[in-house]
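Engineer: the following comprises the amino acid sequence and a computationally predicted model.
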Amino acid sequence: MGVDALPVDTLIASVLGQKHWPHGCLGVAPDASFEAVRKRYLSLVLRLHPDKCDEANAREAFDTVADGATSVPSSKFQALMEALGT
C-alpha cells in the first residue's frame, strides 16, 4: 500500500514507530535508489506538513521524516537536497 493510500493517523504511527531507523521512517529499504528516497520524502512531507495536517503528532512525524532524510547515506541526502534546491 502506498503512502498516499494510508490514513493520516496510520501514516503518523508508522513514521513515529520507526523514528530511530532513518530508512524505516521514510518507508524505504536501506538500498533504495535516490529516486525512491526522493519520492517518498516528498510524499511524506506534503502529507505531514503542520500547515496542512491537523492530526495529533503530525509535527513530530514531520520532524522525524526530515531527520530521517538527513540520516540516509550522505551521498543520497546531498543529491536529495540539491534536487530540491536547498
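Structural biologist: Perfect, thanks for sending it.

Engineer: which SS state does residue 37 fall under?
Structural biologist: Following DSSP: H, G, I helix; E, B strand; the rest coil, we place residue 37 in the helix state.

Engineer: surely it touches residue 80?
Structural biologist: Yes: Residue 37 is within contact range of residue 80, at 6.2 Å (criterion: CB atoms under 8 Å). C-beta coordinates here come from the backbone N, C-alpha and C atoms, glycine included.

Engineer: tell me the contacts of residue 58?
Structural biologist: Counting by CB atoms under 8 Å, 6 or more residues apart in numbering, residue 58 makes contact with 8, 12, 48, 49, 50.

Engineer: the last one against residue 60, yeah?
Structural biologist: No: counting by CB under 8 Å, residue 60 is not a contact partner of residue 50; they are 9.8 Å apart.

Engineer: buried among the contacts of residue 58? Need that as a selection in PyMOL.
Structural biologist: The buried subset of the contacts of residue 58, as determined by 16 or more other CB atoms under 10 Å, is captured in PyMOL by this line:
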select buried, resi 12+48
